[in-house]
Every structure is written in structure tokens, then in C-alpha cells.
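Participant: Predicted model and sequence follow; I will ask about them next.
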Amino acid sequence: METSRITEFKKYIDTQITPSITEIRGLNETSRKHVQKLVYTNLVDRFDVMVDTAILTNCRSEFVVEAISSSLTETVNEQYLLKLLMDTDNVQEAIDERLRSTIRNTILRKRHSQKLLFLLKLFDKLEYSKLNPQVQVGSGNVVLKATKTKVNIPHSVCGYADWLYSRRNSIVHGASASPKYLENDIKKLKEIYKYDCPKTINLKFGAIEQTVRFYTCIVKILLDE
């Protein structure tokens, strides 16, 4: 499997996010709250991009091709086909672009956690694709079997990822000082992960460290580290 996008994300955490955590600690409370929201949303966005690009760069995987095969229905006219075959240097790139285009219009239009689920299956990490408790929600660490606690946070890998992204959505799209979960996120978190969202989110400083631990665990799982 092609893993360059995953290693790039790992480098981003090590070189940009980890140093920023130390800097945030030294800020006064007003500045800290503002900066930590920016760091948190940027971190979650970068993870989402990593998921997308890791799928795209493995567009020729048998698993991916099979998943999008029902959407590959566009008829190619003879003129275009002959031109493509004559220009052999562009054939492979044309195939890749057609696959990537279909992926963007199908798999990458899904909910964040569903894209992560697809990536885990693509990398044959089926043991982490279930709804079983596998996240230690107090720390963000991922294990094969975690103890379900009373903490109102999804304990499955994809559920926890969905929760992190939903908090990102409330910060980015919320208009108040106390961001609220978006209606669609409330609905989907309940429907898929049986999670009842609180009225507002409270992004504490430790949330960034927990998010880093969780994403680092996912990276290690994908890279077999």
C-alpha cells in the first residue's frame, strides 16, 4: 500500500502540532482558548485530508476498484479511446484520474468516520472497524479492547473520530461563544454510534493532546508500527 500521505501527517504532528502544545501552555487564558480552537480545527482538518489522500493514492487497489465499480458507468467513445491508446504516455495517468474522480464523487462524499472506516478496511485493519469499545476516552489511546466507561463519548474508533470531527464542525460553523453541535451531527452520532450529544461543547486544553494521541495511534495502526 502507498503510505506517503500517512507519513506526511505523522511528520506534521511531530513538527507542528506537538511544539505548538508547549507554546499554548504559556498563553494567558483568553489567548489560549482562541489559539487552541485554531490548533484543534486545523489538526482535525489535516487528519481528514490525510484520510482522503491516502484513499486516492491507492486508487488502483482491488478493494477500492471493487467499491466504486458500480459507479464506473460512463461510456467512452471510440475517438477518445483511440486517442488515449495512441498517446501511451498518458494512458496510465488517464486511468488513475478516472478512478480518482469516481472516488471523489462516491467514497469521499461520505461522512468523515465512514471514510476512516473505508481506509481501515482498505489497509486490512478490520479489527479496528467494528463498533466495539477500543478507545480509552480519557487519554485518546486506541487498544484492541477497551473498557466501556460512563463517560459520554463514543468508545469505538470510528465513533470517536466522528465525535472529534463533529466538535470541529461546531467550532467552525458555530456563531456563539459556546459552540453547539450541528443538527446533522446530532442526528448521525445518535443514529450510527448511539451517542447523545450535550447541548454545547467545552474544548479544554487537554482535548488537543487527546486528539494527537488518538490520531497517532491510527497512524501507527495503518503503518503497522
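Facilitator: Alright, I've got the coordinates.
Participant: quick one: contacts for R25?
Facilitator: 32, 205 (CB atoms under 8 Å, 6 or more residues apart in numbering). Any C-beta I mention is one placed from the backbone N, CA and C, and that applies to glycine too.
Participant: correction: H173
Facilitator: Going by CB under 8 Å, 6+ apart, H173 touches L182.
Participant: Next one: it from T18, what distance?
Facilitator: As for H173, its distance to T18 is 27 Å (criterion: CB to CB, to the nearest Å).
Participant: Also L182?
Facilitator: From L182 to T18 the distance is 29 Å (CB to CB).
Participant: Let me see the confidence value for E209.
Facilitator: For E209, the pLDDT comes out at 93.
Participant: Output whichever strand or helix holds it as PDB, nothing but the C-alphas.
Facilitator: Assigned by DSSP states H and E, E209 falls within helix 206-222. Output of helix 206-222 as PDB, limited to C-alpha atoms (Å, rounded to 0.1, in the frame of the first residue of the first chain):
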ATOM      1  CA  GLY A 206      -6.300  18.500  27.100                       C
ATOM      2  CA  ALA A 207      -8.500  17.900  24.100                       C
ATOM      3  CA  ILE A 208      -5.700  18.700  21.700                       C
ATOM      4  CA  GLU A 209      -3.300  16.200  23.500                       C
ATOM      5  CA  GLN A 210      -6.000  13.500  23.500                       C
ATOM      6  CA  THR A 211      -6.700  14.100  19.800                       C
ATOM      7  CA  VAL A 212      -3.000  13.900  19.000                       C
ATOM      8  CA  ARG A 213      -2.800  10.600  20.800                       C
ATOM      9  CA  PHE A 214      -5.800   9.200  19.000                       C
ATOM     10  CA  TYR A 215      -4.500  10.200  15.600                       C
ATOM     11  CA  THR A 216      -1.000   9.000  16.300                       C
ATOM     12  CA  CYS A 217      -2.500   5.600  17.300                       C
ATOM     13  CA  ILE A 218      -4.400   5.500  14.000                       C
ATOM     14  CA  VAL A 219      -1.200   6.300  12.100                       C
ATOM     15  CA  LYS A 220       0.700   3.600  13.800                       C
ATOM     16  CA  ILE A 221      -2.100   1.100  13.100                       C
ATOM     17  CA  LEU A 222      -2.100   1.900   9.400                       C
END
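Participant: in it, what's buried?
Facilitator: Of all the residues in helix 206-222, those buried under the rule 16 or more other CB atoms under 10 Å are 207-208, 210-219, 221-222.
Participant: cool, stretch 2-9 as well?
Facilitator: Buried-residue list, stretch 2-9, by 16+ other CB under 10 Å: 3, 5-6, 9.
Participant: Quick check: mean pLDDT of stretch 191-202?
Facilitator: The average pLDDT for stretch 191-202 rounds to 88.
Participant: So for the chain, which residue is the most central one in space?
Facilitator: With distances taken as CA atoms, centre = their mean, D48 lies nearest the centre of the chain, 3.7 Å away.
Participant: what's near enough to touch that residue?
Facilitator: Contact analysis of D48 by CB under 8 Å, 6+ apart lists 112, 115, 165.
Participant: what about 10 Å?
Facilitator: By CB atoms under 10 Å, 6 or more residues apart in numbering, the contact list for D48 reads 108, 112, 115-116, 161, 164-165, 168.
Participant: what phi and what psi does the backbone show at it?
Facilitator: Main-chain torsions, D48, degrees, to the nearest 10: phi -60, psi -40.
Participant: how about the strands of this structure, start to end?
Facilitator: Under the criterion DSSP state E, the chain contains strands at 135-136, 141-142.
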